[in-house]
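In: sharing a model that was predicted from the sequence below.
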Amino acid sequence: MGALKTIGYIFAAVLILFGVLFLLAAFGETWNPGWAILGGILLVIGFGIILVASLFIKSPSSTTQNTTLQVNLPGDVNIERFQCKDCGSQLTMDNVKMVAGAPMVECPYCNATYQLTEDPKW
């Protein structure tokens, strides 16, 4: 629907441009009431299209989109033994946040923040 709104605005701008040109031509060297009427009609239609497009056509950005991020911890991490590296307190999955694509641990007890890394398996 966003493309329809953009097309409507472009079409309205063209109609308004031609409406202004017809009005300018109507008030030129000789008075031409036909061009003045046509210019006025084009202006009204152009602004009407803008009004309709802005009120009734919803753009995709007006909808809410929820994104779920699933954190997969690297390696074999046992949640029962998940402890802070600094103070040794017990941590849960709520203490792991994704920051710039990397899992970061935030300890609520000692306020330590560090990146969760995978220990070598050998």
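Out: Perfect, thanks for sending it. Numbers count the residues shown, from 1 in each chain.

In: poorly predicted segments of this structure, please.
Out: Across the chain, residues meeting the criterion (pLDDT under 70) sit at 1, 58-63, 73-81, 119-122.

In: which stretches of it form helices?
Out: For the chain, the helices defined by DSSP state H cover 2-26, 33-56.

In: mind giving me CSV with those and columns for distance to D94 and mean neighbour count?
Out: Glycine gets a C-beta too; all of them are placed from N, C-alpha and C. Written out in CSV, the entries for the helices of the chain read as follows (distance: least, C-beta to C-beta, whole Å; neighbours: other C-beta atoms under 10 Å):
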stretch, distance to D94, mean neighbour count
helix 2-26, 37, 15
helix 33-56, 43, 15
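
In: quick one: closest of the ones you listed to M93.
Out: Proximity of these to M93 was assessed by C-beta to C-beta; the nearest stretch is helix 2-26, lying at 37.5 Å.

In: so that closest one versus helix 33-56, what angle?
Out: 160 degrees (axes from the mean of the first three to the mean of the last three C-alpha atoms, to 10 degrees).

In: which residues touch helix 2-26?
Out: 32-36, 38-43, 45-47, 49-50, 52-54, 57, 59-61 (C-beta atoms under 8 Å, 6 or more residues apart in numbering).

In: closest to C110 out of the helices of the chain?
Out: With C-beta to C-beta as the criterion, C110 lies closest to helix 2-26 of these, at 48.2 Å.
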